[in-house]
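Chemist: Give me the fold of what follows.
(one chain, ligands or ions: 1)
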Amino acid sequence: MCHSGTALAGENDAFMGFRASAEDALLLDTQSLTIREDSITVADRRKASKKRDASCCGPNVAAKSAGEKINLHSVLWARVYIAEDQSAVQITYAKSFGKRLVKPTTLSIPIAESDLEKADQWVERLLARAYEGAQQAKRLKVLINPNGGPGTAEKTYRTEIAPIFAAASCTVDVELTQYAKHAIKIAEEIDIDSYDAIVCISGDGVPHEVFNGLGKRPDARKALRSLAVCQLPGGSGNGMCWSFLGTDAPSLAAVNLVKGKRTHFDLVSITQGDERILSFLSQSAGITAGLDLGTENLRWMGNTRFTVGFLQRVITETFYPTDLYVKLAIGSKEDIRRHASTHREPPDHTCDGTGLPPLQYGTVKDEVPEDWVKESHPKLGNFYCGNVGPPVDLNSIHTELTYVIRALQMLCMSKDINFFPAARPNDGYLDLAISDGDMGRMKAVNIMLGAETGKHFDIPELNYRKVVAYRFIPQKQKDGYISVDGEKMKFAPFQAEIHHGLGVSLSLRHNVYEGPKIA
Ligand SMILES: Nc1ncnc2c1ncn2[C@@H]1O[C@H](COP(=O)(O)OP(=O)(O)OP(=O)(O)O)[C@@H](O)[C@H]1O
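Modeler: Next comes the predicted model:
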């Protein structure tokens with residue numbers, strides 16, 4: 001024999017440049033299972049030893065004889081199954097059935113009784129690695145909106161999401177929302193110690209209600225900071241799902257959620273009249289708000305309504321005159337670029353368990369603070385402010401416009417539309433993007449198309465800044481649309497101020513929004 005000594009020698013060293021340690025390998029009679037950098041491999045030891053004998057010490061022997069390779073991210077659970085006749089190591093993972101569907105599948109590897117103890121240790125190690133930085137076996141409160149979008153949320157949950165949750169050993173408590181705003185009440189009354197996350201199978205409307213329900217509680221700060229709020233596709237707007245979980249394919253998003261890492265992110269208080277609400281996505285007026293809220297009459301078209309609505313508004317070059325007062329944080333695109341690589345730790349909001357943080361700048365009814373800058377925008381075309389991608393399905397606008405503009409070329413569906421490529425989950429700033437209505441039709445279209453890659457950030461006509469607070473005052477218009485997280489607000493002045501890292505969600509990567517970024 002060429003190799004002796006450590007358990008791993010000769011069987012799996014130098015696999016794709018990664019050196020597994022002895023504890024990463026489970027050597028059974030006929031097979032070996034090895035935890036590697038981002039996968040596990042199952043190899044037939046008999047083949048490996050034959051090859052070893054034949055090639056004597058050639059490099060990468062195990063890699064060549066590896067039978068199966070499973071990505072660590074897809075590993076949902078593992079256990080040692082003990083039975084009288086045949087015990088086994090069982091690894092349940094998300095197996096791909098095409099680009100948008102995964103289903104749990106279990107790989108069972110027989111083990112001898114004498115291997116039970118080391119198999120137990122190996123399984124524990126595997127779970128720790130597969131869930132690195134994330135909590136295992138999450139306790140989930142699932143809210144399904146049976147009326148969201150096309151009304152398929154229940155079916156999507158049953159067929160694509162629930163099997164992933166079960167396979168990942170999550171505890172689930174499912175509730176259907178019975179009426180509009182029901183989720184506010186559920187969040188207001190939920191026992192925050194019984195769950196790790198509230199998962200909304202809906203559009204962006206239900207999580208908006210959940211944040212606001214948590215915000216109404218006497219222990220709002222504690223509730224918002226301890227319970228993660230997540231969204232999986234079950235309505236029309238999937239801004240939250242895209243930004244935190246990086247996909248709108250339900251089963252893939254469910255895997256990313258069960259493997260998700262707690263990420264704090266900024267929430268925003270909006271005051272209008274005597275009301276104070278929380279916004280978690282964006283506030284918009286002008287074209288984007290009109291698309292979302294002013295195309296209801298075109299609902300029969302499906303998502304095409306957004307494209308038709310967009311073209312209508314761009315062609316007519318409509319103005320939405322507005323006065324803005326801004327508490328500026330970062331004023332130039334160059335400085336925003338520099339800021340992109342910095343991280344600001346959010347304050348610890350849990351130190352006192354009371355209601356929402358006090359408003360630092362008062363409400364829309366108070367005097368505007370002296371250090372805010374007044375700006376008049378008589379030709380405003382689009383106002384868009386927030387952190388997380390659009391509640392409007394810009395994805396479909398983008399795709400259809402691309403068809404129109406590029407002469408019906410076949411293009412792939414864009415997947416990573418995010419209007420705020422410089423946004424960070426908890427930098428403590430709002431991204432404010434505004435443009436005039438007379439910049440030219442092609443420029444307006446280019447801004448929308450550029451959102452696929454984040455290139456719109458560099459279009460000079462897009463005024464992009466980071467702010468801490470602002471007041472929006474519509475001028476010379478009797479009526480219009482103001483949207484907060486895709487929900488219609490009164491067409492009246494409102495004020496917004498950020499709460500650094502007040503909310504929490506589960507994300508594919510810690511502290512990062514998925515989607516295009518500024519270069
Ligand atoms: N059982 C119900 N009946 C009617 N409305 C409901 C019900 N449950 C929730 N809602 C309401 O449905 C609205 C839409 O929520 P959801 O987040 O699922 O979808 P959306 O993508 O934001 O919007 P939509 O699907 O209407 O385009 C929410 O405002 C919520 O109050």
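
Chemist: just the helices in the stretch 51-200 of the chain please.
Modeler: For the stretch 51-200 of the chain, the helices defined by DSSP state H, counting those that start in this stretch occupy 61-65, 116-130, 153-156, 162-167, 182-189.

Chemist: I'd like those helices as TSV, with mean pLDDT appended.
Modeler: Shown next, in TSV, are the helices of the stretch 51-200 of the chain (pLDDT from 0 to 100):
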stretch	mean pLDDT
helix 61-65	36
helix 116-130	97
helix 153-156	97
helix 162-167	98
helix 182-189	98
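
Chemist: Which pLDDT value goes with the residue in the stretch 351-500 of the chain positioned nearest to the ligand?
Modeler: Residue nearest to the ligand within the stretch 351-500 of the chain (C-beta to the nearest ligand atom): G486, separated by 5.4 Å. (Each C-beta comes from the backbone N, C-alpha and C, glycine too.) G486 carries a pLDDT value of 85.

Chemist: Identify the residues contacting the nearest residue to V102 once chain neighbours are set aside.
Modeler: Nearest non-adjacent residue to V102, counting by C-beta to C-beta, 6 or more residues apart in numbering: A94, 3.9 Å away. Residues in contact with A94 (C-beta atoms under 8 Å, 6 or more residues apart in numbering) are S74, L76, V102, K103, P104, T105, I164, A167, S251, V255.

Chemist: among those, which ones are buried?
Modeler: Applying 16 or more other C-beta atoms under 10 Å to these, the neighbour count classes S74, L76, V102, P104, T105, I164, A167, S251, V255 as buried.

Chemist: burial of P421, as a residue count?
Modeler: 26 (other C-beta atoms under 10 Å).

Chemist: any idea which element it lies in?
Modeler: Counting by DSSP states H and E, no helix or strand carries P421.

Chemist: Y93 versus the residue in the stretch 201-350 of the chain that the ligand sits nearest to, what's the distance?
Modeler: Minimum separation of the stretch 201-350 of the chain from the ligand (C-beta to the nearest ligand atom) falls at G203, amounting to 1.6 Å. Distance, G203 to Y93, by C-beta to C-beta, to the nearest Å: 29 Å.

Chemist: residues near the residue of the stretch 201-350 of the chain closest to the ligand, how many?
Modeler: The number of residues near G203, taken as other C-beta under 10 Å, comes to 25.

Chemist: just F419 next, same as before
Modeler: 31.

Chemist: Give me the pLDDT for G309.
Modeler: Per-residue confidence for G309 comes out at a pLDDT of 75.

Chemist: tally of neighbours for it?
Modeler: Taking other C-beta under 10 Å as the criterion, the count of residues near G309 is 24.

Chemist: quick one: is the strand or helix carrying it near the ligand?
Modeler: Element membership for G309, per DSSP H and E: helix 304-316. No. No part of helix 304-316 sits near the ligand under the criterion C-beta under 6 Å from any ligand atom; the closest distance found is 10.6 Å.

Chemist: Now that helix: buried residues?
Modeler: R305, F306, T307, G309, F310, L311, Q312, R313, V314.

Chemist: The last one: what's it in contact with?
Modeler: Residues near V314 by C-beta under 8 Å, 6+ apart: I287, R441, A444, V445.

Chemist: Pull up the gap between it and T288, please.
Modeler: For V314 relative to T288 (C-beta to C-beta), the value is 12 Å.

Chemist: same question, the second one
Modeler: Relative to T288, F306 is positioned 10 Å away (criterion: C-beta to C-beta).

Chemist: same question, the fifth one
Modeler: In this structure, F310 lies at 9 Å from T288, with C-beta to C-beta as the measure.

Chemist: gap between stretch 34-45 and the chain center?
Modeler: Between the centre of stretch 34-45 and the centre of its chain there are 29 Å (C-alpha atoms, centre = their mean, to the nearest Å).

Chemist: Let's see that stretch as PDB, backbone CA atoms only.
Modeler: Extracted C-alpha coordinates of stretch 34-45, given in PDB (Å, rounded to 0.1, in the frame of the first residue of the first chain):
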ATOM      1  CA  THR A  34     -16.400  13.300   2.800                       C
ATOM      2  CA  ILE A  35     -17.300  16.800   3.700                       C
ATOM      3  CA  ARG A  36     -15.400  19.100   1.400                       C
ATOM      4  CA  GLU A  37     -15.300  22.900   0.900                       C
ATOM      5  CA  ASP A  38     -18.700  23.300  -0.500                       C
ATOM      6  CA  SER A  39     -19.900  19.800  -1.100                       C
ATOM      7  CA  ILE A  40     -20.000  16.200   0.100                       C
ATOM      8  CA  THR A  41     -18.800  13.400  -2.000                       C
ATOM      9  CA  VAL A  42     -19.700   9.700  -1.700                       C
ATOM     10  CA  ALA A  43     -17.000   7.400  -3.100                       C
ATOM     11  CA  ASP A  44     -16.900   3.700  -3.600                       C
ATOM     12  CA  ARG A  45     -13.800   2.600  -1.600                       C
END
